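# Sharing a model prediction with you, sequence too.
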Amino acid sequence: MNTKDTILSISDKYELKNITEKINKFKATEENVNVAFLGEFSSGKTSLINALLKKKFLPMFDKPTTAVITEIKSGDKNKFEVVATDIDGSENRREISVSNLAEEVQKDSNNNRIEIEIKNTELLDEKTVLIDTPGVASINDTHSDVTYGYLPTVDVAFVVVNVNMGSISKGLEQFINQYPDDIKSKIYFVLTHVDTKSEAQVEKLENEFKTALSPIIANPKIFKVSSKKAIEGNTNNNTELYQRSGVAEIANVISNEIPQYKLEVQRKKENEFLKQCNKDLLVQLETIKDGLSYNSEEYDQEIKTISAELEKLQRAEKSLKQELQNTKNDITLNARRIAANITPEILSLMTQNGDISESIVKMVDGIQRQIELGLDSLEKVENPTLDEQIKNSVLQSIEQEFRGTFETANSISGIANMALTAYIGGGTGVAGNLLEMGIGKLLNDTAETSKSTSTTKSTNTNTAKGSSFKSMAGSFINQLNIIGRGKDFLLEKTMSDKINFSLQNKASEQVNIAFNYVEKSLSKVLDSEYLQPINEKQEALKAIRGQRNNSFDQIDASKQAIKNDIQQLQVLSL
């Protein structure tokens with residue numbers, strides 16, 4: 001009798017339906033094999049996937065924009081869906097057209113992914129899934145977090161590297177080094193753009209790359225490909241060119257080697273699953289054995305007690321979730337107020353081209369204090385630590401969004417001052433043109449006045465005109481500070497609401513990041529410390545109830561039988 005049959009036999013014997021049903025359900029489940037493609041921006045990762053699929057399904061960009069996970073599988077028809085995962089784990093699906101795919105992959109959301117089904121694909125069987133991940137060296141830190149967190153869940157990973165890098169990058173080295181050897185063993189490396197180098201250069205770069213990898217991963221598996229040649233070969237039905245591109249070797253791994261690997265993955269997952277079932281079964285058998293001395297009244301009382309504890313726990317869980325939501329709402333409101341209060345300070349600094357980093361740090365730290373104060377009153381809730389990257393992210397976002405506007409405004413104001421000063425000082429050319437454009441009406445009025453003057457005094461008039469013009473211009477330059485003040489006034493009026501809106505959104509994002517961590521940690525605590533133990537004990541007591549009518553003469557025999565079964569489970573080879 002094999003391991004699975006032994007566990008099933010013993011769980012059926014004691015009517016432990018939760019174990020039996022769990023195993024039977026798993027028995028009918030065939031797991032997918034997830035094949036991920038990872039790489040830094042411009043590595044050629046998306047082009048490689050399109051070459052493998054022999055069609056340009058995935059959009060390609062000239063800057064780091066891909067923000068979500070994209071999963072590609074075989075299907076009855078071509079289908080594109082955005083899948084959003086709620087906090088409770090439920091999924092909401094929204095079908096999109098292929099024309100909207102480029103827009104959707106650029107939307108930042110850790111809780112979203114895109115699923116693509118492709119019909120008539122030679123590459124994939126019904127249980128193999130290709131996964132395109134955001135670039136691990138993207139300008140958006142969130143992209144890297146999504147990719148880093150996804151790798152441990154995949155079965156095979158292709159790390160794509162542009163051969164023109166020359167060697168392994170620091171970012172890629174750090175990315176690989178953070179994982180243990182069992183995860184490193186399922187990584188393949190792909191050098192792309194080999195068509196841009198000679199064969200000798202490619203061989204040299206491959207050796208350098210392998211040498212750089214050797215200290216961090218044993219016997220690295222490396223492919224050399226030209227996605228450009230593969231796509232050209234597919235387009236022109238040139239099989240020889242496609243074969244020479246190197247992409248065919250990767251396709252062979254996916255189509256032939258990975259299905260074999262899938263069986264190994266399935267056995268490994270089944271073994272881990274049976275280990276947990278065996279552990280759960282041992283716990284329940286011990287409970288049954290210890291409970292055989294109880295009389296009927298004791299059983300009933302124990303069941304009543306556990307039911308009350310479960311109901312109490314459910315009420316407490318609901319209350320805690322509501323309290324957590326109320327706390328989040330209050331903290332968000334306070335965080336947005338902090339952002340609103342700091343807006344004038346940041347606006348003033350940016351108007352003067354000042355450094356806003358201290359103001360941003362003050363805002364982020366203030367919001368973190370609100371988070372810590374709000375969560376201190378909640379039991380079983382871990383207070384998340386402040387990620388220093390949040391400060392840099394907020395600062396970079398505000399600088400990128402608004403600094404250019406202020407610098408342009410200051411430049412225009414400076415040019416106006418310079419032009420007028422140059423003209424009064426005797427300057428000509430560009431400075432004069434700028435002045436004439438700025439005070440055209442003043443010149444026209446001066447010309448009309450000169451026409452009414454006697455022609456016999458034209459020479460004196462011309463001299464007086466020049467003197468009068470410069471006098472008026474001098475008066476105008478005294479008023480030129482109005483330009484600067486007007487510029488500052490307009491900037492404050494036009495930019496205050498925009499900066500305030502952006503800062504308040506950043507404040508809300510900071511609170512959301514903290515509470516995502518809090519909600520996940522709280523869910524694990526509730527599940528591991530309360531719901532699972534009570535459910536297991538309740539299942540054990542149901543089994544005990546079936547034994548309560550046995551006579552005390554049979555109890556010793558039953559205990560011995562349970563001991564034998566426990567020993568049998570303990571010696572299983574798992």
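Here it is on my side, so go on. Bear in mind that the values here come from a model prediction, so they are computed numbers and not experimental data. Residues are numbered from 1 along each chain as shown.

# only C-alpha atoms for contact and neighbour calcs from this point on.
Will do.

# Tell me how far the longest helix along the chain lies from the chain's centre.
Ranked by residue count and defined by DSSP state H, the top helix of the chain is helix 296-351. Offset of helix 296-351 from its chain centre (C-alpha atoms, centre = their mean, to the nearest Å): 24 Å.

# Against which helices or strands is it packed?
With contacts taken as 3 or more C-alpha pairs under 8 Å, 6 or more residues apart in numbering; DSSP states H and E, helix 296-351 sits against helix 357-376, helix 388-424, helix 481-526, helix 532-545.

# what's the closest of these to Gln570?
Closest approach to Gln570 among the helices and strands packed on helix 296-351 is made by helix 532-545 (18.8 Å; C-alpha to C-alpha).

# which residues touch the helix or strand following the closest one?
Once the chain leaves helix 532-545, the next helix or strand it forms, by DSSP states H and E, is helix 552-570. For helix 552-570, contacts defined as C-alpha atoms under 8 Å, 6 or more residues apart in numbering pick out Thr6, Ile7, Ile10, Asn278, Leu282, Leu285, Glu286, Lys289, Leu292, Ser293.

# Identify the farthest-apart pair in these.
For those, the farthest-apart pair by C-alpha to C-alpha is Thr6 and Ser293; their separation is 26.7 Å.

# hey, what's Ile72 bridged with?
For Ile72, the residues forming beta bridges with it (DSSP bridges) are Ile116, Leu130.

# count of residues packed around Trp359?
No, residue 359 isn't Trp; it's Ser. Neighbourhood size, Ser359 [other C-alpha atoms under 10 Å]: 16.

# do you know how far the closest residue in space to it that isn't next to it in sequence is from Asn353?
The shortest distance from Ser359 to any non-neighbouring residue, by C-alpha to C-alpha, 6 or more residues apart in numbering, is to Ile346 (6.7 Å). Relative to Asn353, Ile346 is positioned 10 Å away (criterion: C-alpha to C-alpha, to the nearest Å).

# Name the residues contacting each of those two.
In contact with both Ile346 and Asn353: no residue, using C-alpha under 8 Å, 6+ apart.

# These two: which has the busier surroundings?
Taking other C-alpha under 10 Å, Ile346 and Asn353 do not tie; Ile346 has more neighbours (23 against 13).

# Report the backbone C-alpha coordinates of the helix or strand harbouring Gln243 in PDB.
Per DSSP H and E: Gln243 is located in helix 239-244. Taking C-alpha atoms only, helix 239-244 is exported to PDB below (Å, rounded to 0.1, in the frame of the first residue of the first chain):
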ATOM      1  CA  THR A 239      12.600  27.400 -41.100                       C
ATOM      2  CA  GLU A 240      16.400  27.400 -41.500                       C
ATOM      3  CA  LEU A 241      16.700  31.000 -40.300                       C
ATOM      4  CA  TYR A 242      14.400  30.300 -37.400                       C
ATOM      5  CA  GLN A 243      16.500  27.300 -36.300                       C
ATOM      6  CA  ARG A 244      19.700  29.400 -36.600                       C
END
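
# So which bits of it are buried?
Of the residues in helix 239-244, Leu241, Tyr242 count as buried by neighbour count, 16 or more other C-alpha atoms under 10 Å.

# Next secondary structure after that helix?
helix 247-252.

# what helices or strands is that next one leaning on?
helix 45-53.

# contacts for the helix it packs on?
Applying C-alpha under 8 Å, 6+ apart, the contact partners of helix 45-53 are 37-39, 56-60, 121, 123, 132, 160-161, 227-228, 230-231, 234, 247-248, 251.

# Among those residues, which lie within helices?
Reading helices off the contacts of helix 45-53 with DSSP H, I get Ser227, Lys228, Ala230, Ile231, Asn234, Val247, Ala248, Ala251.

# Pull the most distant pair out of those.
It's Lys228 and Ala251 that sit farthest apart of the ones in helices among the contacts of helix 45-53, by C-alpha to C-alpha, at 15.4 Å.

# show me where the stretch 1-150 of the chain has helices.
Taking DSSP state H, counting those that start in this stretch as the test, the helices found in the stretch 1-150 of the chain are 3-13, 17-27, 45-53, 101-105, 141-150.

# Just say which of those helices is most tucked in.
helix 45-53 (a mean of 23; mean count of other C-alpha atoms under 10 Å).

# Return it as PDB; C-alpha atoms alone will do.
Provided in PDB are the C-alpha atoms of helix 45-53 (Å, rounded to 0.1, in the frame of the first residue of the first chain):
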ATOM      1  CA  LYS A  45      12.400  39.700 -23.000                       C
ATOM      2  CA  THR A  46       9.100  40.600 -24.700                       C
ATOM      3  CA  SER A  47      10.600  40.200 -28.200                       C
ATOM      4  CA  LEU A  48      11.700  36.700 -27.200                       C
ATOM      5  CA  ILE A  49       8.300  35.700 -26.000                       C
ATOM      6  CA  ASN A  50       6.700  37.000 -29.200                       C
ATOM      7  CA  ALA A  51       9.300  35.100 -31.200                       C
ATOM      8  CA  LEU A  52       8.400  31.900 -29.300                       C
ATOM      9  CA  LEU A  53       4.700  32.400 -29.900                       C
END
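
# residues making contact with stretch 348-363?
338-339, 342, 345-346, 391, 394-395, 403, 406-407, 488, 491.

# since we're on Thr121, how many residues are nearby?
Thr121 has 15 nearby residues by other C-alpha under 10 Å.

# Torsion angles phi and psi at it?
With angles defined as degrees, to the nearest 10, Thr121 sits at phi -100, psi 130.

# Distance check, it against Lys55.
On the measure of C-alpha to C-alpha, Thr121 and Lys55 end up 10 Å apart.

# And Gly246, by the same measure?
17 Å.

# Comparing these two, which residue is more hemmed in?
Using other C-alpha under 10 Å, the more surrounded residue of Gly246 and Lys55 is Gly246, with 21 against 14.

# What's the per-residue pLDDT of the residue nearest to Ser255 when sequence neighbours are not counted here?
Distances taken as C-alpha to C-alpha, 6+ apart put Leu123 closest to Ser255, at 5.6 Å, once the chain neighbours are dropped. Looking at Leu123, its pLDDT is 89.

# All set now, cheers.
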